[in-house]
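Trainee: Test case, fold it:
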Amino acid sequence: MKAFRFRAETLLSLRRRQEDAAKADLLRAQAVANEAAAEMDRAWGRSREAAAAYCAALREGLETATIERHRNWIVHLQGAAHARQRTHEDRRADVAKATRVVQDAHRHVRMLERLRDRAERRYDAAVRLEESKEMDQFAATQFARRAIEGGARRGH
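Mentor: Next up is the predicted model:
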């Protein structure tokens, strides 16, 4: 019997490469999301520091213009922090999308692997059946030969 050959092996190989590429994309998306989270944390930290400096300035009794500059600076920093937060949320959405792509790619690979495993089990069963038939044929031939040889000896 011919050696086992899975006809969709090329497709399985392609699906594995697609899964590997999807995993690499996911890793990149996670790295970008992590960097966006760090930038967001730094932006909110700068905003908190400015607010603390503003409170300290109020206690010192600074001029109105200086207090106004502090408030404007805080508003600017909060706006930047909100922008970083939106960017981080977008990157997290990218990670979720990349995760779904990896899951779909993995599902395709597993489906083809299950098909290959089933085909290989059917092939193995067919090989065992063929071997069993050959052994039965051999045993029948041996039995017939012994019967003929035994009958020929009795006849002499």
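Trainee: immediately after the helix or strand hosting Arg28, which helix or strand?
Mentor: Using DSSP states H and E, Arg28 maps to helix 9-60. Toward the C-terminus, helix 9-60 is succeeded by helix 64-155 as the next helix or strand (DSSP H and E).
Trainee: got the angle between that following helix and helix 9-60?
Mentor: Interaxial angle of helix 64-155 relative to helix 9-60 (axes from the mean of the first three to the mean of the last three C-alpha atoms, to 10 degrees): 160 degrees.
Trainee: Please give the centre-to-centre distance between helix 64-155 and its chain.
Mentor: Remark: helix 64-155 is offset 10 Å from the chain centroid, using C-alpha atoms, centre = their mean, to the nearest Å.
Trainee: list the contacts for Leu77?
Mentor: With contact taken as C-beta atoms under 8 Å, 6 or more residues apart in numbering, Leu77 is in contact with 43, 46-47, 50. Using the backbone N, CA and C atoms, a C-beta is placed for each residue, glycine as well.
Trainee: residue nearest the centroid of the chain?
Mentor: For the chain, the residue nearest the mean C-alpha position is Val102 (4.0 Å; C-alpha atoms, centre = their mean).
Trainee: Off-centre distance for the helix holding Arg28?
Mentor: That offset, for helix 9-60, works out to 20 Å (C-alpha atoms, centre = their mean).
Trainee: Quick one: low-confidence residue ranges for the protein.
Mentor: 151-156 (pLDDT under 70).
Trainee: please redo it, this time with the cut-off set to 50
Mentor: Across the chain, nothing is flagged by pLDDT under 50.
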